[in-house]
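> Let's see this in three dimensions:
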Amino acid sequence: MSAVIAANWFLGVVFAVFTLVFIVRIVLTWYPQTNVQGPLKLIYWLSEPVLVPTRRVIPPLGGVDISPIIWVGIVTLLRQLLVGPQGLLFLLFPPA
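So this is what the prediction gives:
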């Protein structure tokens, strides 16, 4: 397996995991009384360092935190730009 294929696979997995983390955070905003224990603590640990600065720039609108929604869009865009079918990795290093 070449280094480009390995990097493409690794970045694809990382982007998929972060998309899933932010989608779980979107669902958790619907239940503000949820106890953060077990696997939910890992979700908060992964997403909170990114969401806090975003909340400073874009505060909750009408009591609804939209920062996870913004990050789902950003991660999806980065995934398409880097490892998508016409992403930079495929354009710069085409598969043999």
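
> Show the residue spans covered by the helices in the chain.
Remark: helices of the chain, listed N- to C-terminal, are 3-28, 39-57, 67-83, 88-92; assignment by DSSP state H.

> Return the most buried member of these.
Per residue and on average, the most neighbours among the helices of the chain fall to helix 67-83, with a mean of 17 (mean count of other CB atoms under 10 Å). All C-beta atoms are positioned from the backbone trio N, CA, C, and that covers glycine.

> In TSV: the helices of the chain, plus mean pLDDT.
Compiled in TSV, these are given as follows (pLDDT from 0 to 100):
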stretch	mean pLDDT
helix 3-28	91
helix 39-57	92
helix 67-83	94
helix 88-92	83
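
> neighbouring contacts of stretch 6-24?
Contacts with stretch 6-24, where a contact means CB atoms under 8 Å, 6 or more residues apart in numbering, come from 43, 46-47, 68-69, 71-72, 75-76, 78-79, 82-83, 89-90.

> what bridges to Val64?
Partner residues in beta bridges with Val64: Leu61, with DSSP bridges as the criterion.

> So it sits against Thr29, correct?
Yes - using CB atoms under 8 Å, Val64 makes contact with Thr29 at a distance of 7.2 Å.

> which of these two has more neighbours?
Residue environment comparison for Val64 versus Thr29 gives the larger neighbour count to Thr29, 16 against 9, counting by other CB atoms under 10 Å.

> The residue nearest to that one when sequence neighbours are not counted and Tyr44: what is the separation?
Nearest residue to Thr29, sequence neighbours excluded (CB to CB, 6 or more residues apart in numbering): Asp65, at 5.3 Å. Distance, Asp65 to Tyr44, by CB to CB, to the nearest Å: 13 Å.
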